[in-house]
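[1] my questions concern the predicted model and sequence given below.
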2 protein chains.
Amino acid sequence: MCKILDKINTPKDLKTLSENELVKLCGEIREQMIVRLGATGGHVGSNLGMIEAAVALHYVFDSPADKIIFDVSHQCYAHKLLTGRKAAYTDPDKFFSVSGFTNPDESEHDIFSVGHTSTAISLACGLAKGRDLKGGKNNVIAVVGDGALSGGEAFEGLNNAAALGSNIIIVINDNDMSIAENHGGIYQNLRLLRETEGKADCNLFRALGFDYSFVRDGNDLYNIMDALKNVKGAAHPAVIHMCTVKGKGYRFAEADRENWHYMGPFDVDTGKPLHEKPPVETYEALTALFLSDRMKKDPAITAITAGTPKVLGFGKELREQFPEQFVDVGIAEGHAVAMASGIAKSGGKPVFGLSSSFLQRAYDQLSQDLALNHSPAVILVFFAGIAQGSQTHMGVFDISLAMNIPNLIYLAPSCKEEYFSMLDWGLNQKKHPVMIRVPGVETSSRDAALLSEYAYPARYEIVKQGTIVAILALGNFFALGEGVYEKLKEEYGIHATLINPRYISAVDEEMLQALPGHGHRLVVTLEDGVTDGGFGEKIARFYGSSSMKVLNFGAKKEFVNHVTVEEQYNRYHLTATQIVSDILNALGI
Amino acid sequence: MCKILDKINTPKDLKTLSENELVKLCGEIREQMIVRLGATGGHVGSNLGMIEAAVALHYVFDSPADKIIFDVSHQCYAHKLLTGRKAAYTDPDKFFSVSGFTNPDESEHDIFSVGHTSTAISLACGLAKGRDLKGGKNNVIAVVGDGALSGGEAFEGLNNAAALGSNIIIVINDNDMSIAENHGGIYQNLRLLRETEGKADCNLFRALGFDYSFVRDGNDLYNIMDALKNVKGAAHPAVIHMCTVKGKGYRFAEADRENWHYMGPFDVDTGKPLHEKPPVETYEALTALFLSDRMKKDPAITAITAGTPKVLGFGKELREQFPEQFVDVGIAEGHAVAMASGIAKSGGKPVFGLSSSFLQRAYDQLSQDLALNHSPAVILVFFAGIAQGSQTHMGVFDISLAMNIPNLIYLAPSCKEEYFSMLDWGLNQKKHPVMIRVPGVETSSRDAALLSEYAYPARYEIVKQGTIVAILALGNFFALGEGVYEKLKEEYGIHATLINPRYISAVDEEMLQALPGHGHRLVVTLEDGVTDGGFGEKIARFYGSSSMKVLNFGAKKEFVNHVTVEEQYNRYHLTATQIVSDILNALGI
């Protein structure tokens, strides 16, 4: 069926094709890609939009001598298909043999492992500089989505690339959309440039010093090939502003671009999800319900997102309901935190929600703009904990990152009742920056002892009072703590103490000091994150000079790529069976 | 003598002055400021350049109802003088009664405590948003230096401010200079705008959607007042591009703007430093010597700075000697790390040097762009450790920040020989991202046992083999460890073991496991940084389930503003006397 695609195994095979065949190839790839995306799910919109550009890039340039860097890299499927990994898109048995991001372990055509936004231009600057130092002549090309331009590092990259004085080619893939709609001044200029076909005098890229060219239809192979040929080998920094259609060639994806940004497996003919899941209660949806209810009553409450509104549960309809109280700042987490601090300082009640993995893009602002200034903003950290995801999007580093910054109160609710109790308090107090690690698992409910306020001193909750062993089961891992508790009781007759610490960022010294008096000989900490620099180590330090023994359980400090949760739990001794065995060992039983 | 200045105690007092008197006032302030700067030292260049603008801002606007945010805030002296803190600039007894940065604890006219660059526009966006939510009418003004525009957060701020749709005024103070000369595409546009008096079509700010106005001479009071009056109360985002002269009115500062960016106390008549210090060997100078020597021999070695070349010891002359191998990326630490990763991936040997306090501006890039990609770049962290500085520039958070990121080898040399042994290895290996915590104290020399490579597994150095107590004295605190060792020996006859850990980011498990066998009952860790999330806690965790006792010494997790090192050491139990006393306590002696 796929006559031309059959012959393509490396980028070199493209060079023998006529332009007509290249166009046909794009059609074949698109057809195949839709089938594959239907079976596996993935980043539908960006990848369907990038097929012609990927073919053109590999036809015009000579990868891997020429270096192509994809920003975020969730638009790299056609690139992968063309660079020796075709089977992963054509052979159902091999659909899961490659990841959805570039990865040097897979191919020499992938220069970096990338998953966070706005880094490609900076990385490309480095490749270009390294080339210049050794007198190389290869091209360096960064492929950047328009959404990524809202992130500060993209601008730092543009600013420096413009001054590089040698070959660097930046392809701006403008599909007028990041994940949701774009916001911000730069999009006004992109629109002007689209509307004038690149001819407007007011041109951000020319202002910075780039050679600029405009590609009206980046899904027209000839169009984009011509532009790339023009800058190939250029000895100066160049920007190609290329307009593409997100979801190009698949009508459902073209019609609803936000929802088709990422999609699970779907039926190609109908666009319906293959595995229609029963509606499940999620923390995102509950958060949106809670916030929107409060926002109606209190105009000071402002929800903030950095380009991922659905993390907060805010779909398009809900966003439109709160045009003033819902702010999307683009993929700019640093700005979001500083802005939240400003809103709080002027009497507003900001709530910024983001994924754990992206929290690290705002460390400086968390520390300087928020914590140092005691600004009473609320930060909700979603998708935290061990998961079977990409090594670029792990949710296990936020604990050590945030808990060691002064003044920040970082809370870990053990169930939804506690979550909303903490959120409610956070919104209505005026003294503290408050972070909440939203449980990254299925919603759970229990009769938690709620506090009326969560300011320091930290007060841990004793859920079961026992002896010998005290289990400090933090947030996500409260249920694991219950499992360990039950196992110790049922199988070994040990009536342990089960504690919900509530606080990540502070120790309940009074309670910890009292534990030895209750016959405890061992304290066990469970945290759903990397142990290094985390919660458990504080407890180990606390008891360091006493005779109390401490065992810390959590993830190892390592990057983990698409490993099942089960395997990670086994690796890190995080099953109840392993933990109980380690406890008995430590007790000498 | 200061006839007009005598009458000025609050911004309101300005409103009664004639324009002629306002001009005279600027002269009086400048004269007084030079005397005060001579006596105390400080940020000379930026503050002398900002006098007219500060007077104009407080004349035209109504602080604190109108909110004025200073970026970095090291240009706020005239603002402070005009807002109730005059004595700190006129009365020698009170010269040290205010800090060099804005601080809400000092005055209601200071909205934020600020010290890191590029945050003001984002903070101002928050203040404007908070105002709009409650229907307020005040002006929000961000004052931003041109150097700050190279930082990504400034662009995130501009991008969002442009889309705000309400009052926000951004005053760009363009003195054609950050600390050293500016680099990057944005400065090409600022130059074009200066040369065309703001009339060029190619206008970055207009491209983003701002109402733009140009002030040819920001040291001309009428000029800047007119511009500010024009935008006061505007219901849209506006940029005022104002040209000033760094060091204005003080000939030595105008003539050598880089060196007069910050200056210690000086003789006003001659511009010579008051306390001519004997030339002291510094790690910065030694680093520049080492690197420049290597760079001559190896064109692959590239030194990178993010706007602070002198941190790496590179003055103007040395920079000009290496036009290709020395890169200043502007105040863009994130870009610098990603670029270093790119250079390393293309075979270069990048060395990025920065202050500990700014490392946190690149957390995401350290993790994703560098560590995840195993890029063999070297990062040198200067000015780390407890110091008597501003709460905005503390050097005590880098340990927990960097040591808990996978793959990063973070080393802590105990003397200069060890530092250069580590740097030499880091430059010449091809597998690991390497960070070195350059000792933040006077250079020291000892007969350290150097390794030929510092890859894992970590191997700590036993400097003195003893028993009962093992002292792990990390990097900067090696000398403190020696002091504790001596005191234990001399005064209590305890022959302790003294260990130089060399590695911050990994534990020497073999050595730690062997310690109990040598009769050790207590392990003491000393680190010149916040204990939370740091080195010592790893040791406490390691011994958690054994009978070995552990005591961790380091700084408390808190922001500290201009507190003497001595007082901090006392507070944190970091004198040899206190440590020995705690050791004896823990041993029950």
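    Structure received. Residues are numbered from 1 along each chain as shown, chains lettered A, B, ... in the order given.
[2] from now on I want contacts and neighbour counts done on CA atoms only, so please keep to that.
    Will do.
[3] and stretch A:296-312, does that touch chain B?
    Yes - residues of stretch A:296-312 contacting chain B under C-alpha under 8 Å from any C-alpha of the partner chain: A:Pro299, A:Ala300.
[4] now do that stretch, average pLDDT.
    Across stretch A:296-312, pLDDT averages out at 96.
[5] which ones are touching the closest residue to A:Val530 other than its chain neighbours?
    Among residues not flanking A:Val530 along the chain, A:Ala555 sits closest, at 4.3 Å (C-alpha to C-alpha, 6 or more residues apart in numbering or on different chains). By C-alpha atoms under 8 Å, 6 or more residues apart in numbering or on different chains, the contact set of A:Ala555 is A:Ile386, A:Val396, A:Asp528, A:Gly529, A:Val530, A:Thr531, A:Gln568, A:Tyr572.
[6] cool, A:Ala473 as well?
    Going by C-alpha under 8 Å, 6+ apart, A:Ala473 touches A:Ala479, A:Leu480, A:Gly481, A:Leu498, A:Ile499, A:Asn500, A:Pro501, A:Thr525, A:Leu526, A:Glu527.
[7] near chain B, which residues of the stretch 251-400 of chain A?
    A:299-300, A:324-325, A:329, A:332, A:334-336, A:338-348, A:360-364, A:368-369, A:372-373, A:392, A:397, A:400.
[8] can the helix or strand that contains A:Ala128 be found next to chain B?
    In this assignment (DSSP states H and E), A:Ala128 forms part of helix A:120-133. Yes - counting by C-alpha under 8 Å from any C-alpha, chain B has neighbours in helix A:120-133: A:Ser122, A:Leu123, A:Ala124, A:Cys125, A:Gly126, A:Leu127, A:Ala128, A:Lys129, A:Gly130, A:Arg131, A:Leu133.
[9] who wins for most neighbours among the contacts of A:Ala555?
    Sorting the contacts of A:Ala555 by how many neighbours each has (other C-alpha atoms under 10 Å in any protein chain shown) puts A:Asp528 first, at 29 neighbours.
[10] so what does it look like in phi/psi?
    phi -90, psi 70 (degrees, to the nearest 10).
[11] same check on A:Val469?
    For A:Val469, the backbone dihedrals (degrees, to the nearest 10) come out as phi -120, psi 130.
[12] returning to what we had before: closest one of the contacts of A:Ala473 to A:Gly27?
    A:Glu527 (48.9 Å; C-alpha to C-alpha).
[13] that closest one contacts A:Ala479, doesn't it?
    No - in this structure, A:Glu527 is not within contact of A:Ala479 by C-alpha atoms under 8 Å, at 11.2 Å.
[14] looking at the two, which is more packed in?
    A:Glu527 (29 against 15).
[15] tell me which element that one is part of?
    A:Glu527 belongs to strand A:522-530 when assigned by DSSP H and E.
[16] isn't A:Ser73 right up against A:Asp110?
    No - assessed by C-alpha under 8 Å, A:Ser73 is found out of contact with A:Asp110, at 9.7 Å.
[17] overlap in contacts of these two?
    A:Thr102.
[18] one step back: any chance of TSV for the residues of helix A:120-133 next to chain B, columns neighbour count and pLDDT?
    Below are those laid out as TSV (neighbours: other C-alpha atoms under 10 Å in any protein chain shown; pLDDT from 0 to 100):
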residue	neighbour count	pLDDT
A:Ser122	30	97
A:Leu123	31	97
A:Ala124	30	98
A:Cys125	32	97
A:Gly126	29	97
A:Leu127	31	97
A:Ala128	28	98
A:Lys129	32	97
A:Gly130	28	96
A:Arg131	23	97
A:Leu133	21	94
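[19] want to throw those into JSON lines with distance to B:Ala576?
    Formatted as JSON lines, the residues of helix A:120-133 next to chain B follow (distance: C-alpha to C-alpha, whole Å):
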{"residue": "A:Ser122", "distance to B:Ala576": "46"}
{"residue": "A:Leu123", "distance to B:Ala576": "46"}
{"residue": "A:Ala124", "distance to B:Ala576": "50"}
{"residue": "A:Cys125", "distance to B:Ala576": "48"}
{"residue": "A:Gly126", "distance to B:Ala576": "46"}
{"residue": "A:Leu127", "distance to B:Ala576": "49"}
{"residue": "A:Ala128", "distance to B:Ala576": "51"}
{"residue": "A:Lys129", "distance to B:Ala576": "48"}
{"residue": "A:Gly130", "distance to B:Ala576": "48"}
{"residue": "A:Arg131", "distance to B:Ala576": "51"}
{"residue": "A:Leu133", "distance to B:Ala576": "49"}
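[20] identify the farthest-apart pair in these.
    Checking the residues of helix A:120-133 next to chain B with C-alpha to C-alpha, the most distant pair is A:Ser122 and A:Leu133, at 16.6 Å.
[21] run a quick neighbour tally on the residue in the stretch 451-589 of chain A positioned nearest to chain B.
    Residue nearest to chain B within the stretch 451-589 of chain A: A:Gly533 (3.7 Å; C-alpha to the nearest C-alpha). By the criterion of other C-alpha under 10 Å, A:Gly533 has 29 neighbours.
[22] and if you look at A:Lys199?
    Neighbours of A:Lys199 under the rule other C-alpha under 10 Å: 14.
[23] swap in the one 5 residues further on?
    Residues lying near A:Leu204 (other C-alpha under 10 Å) number 23.
[24] helix or strand: which one has A:Met242?
    Counting by DSSP H and E, A:Met242 is part of strand A:237-243.
[25] I should have written A:Ile471 there, sorry.
    Going by DSSP H and E, A:Ile471 is in strand A:469-473.
[26] for the stretch 401-550 of chain A, which residues are neighbours of chain B?
    Residues of the stretch 401-550 of chain A lying near chain B (C-alpha under 8 Å from any C-alpha): A:401, A:404-407, A:532-534, A:536-538, A:540-541, A:544-547, A:549-550.
[27] so which of those sit within strands?
    A:Lys549, A:Val550 (DSSP state E).
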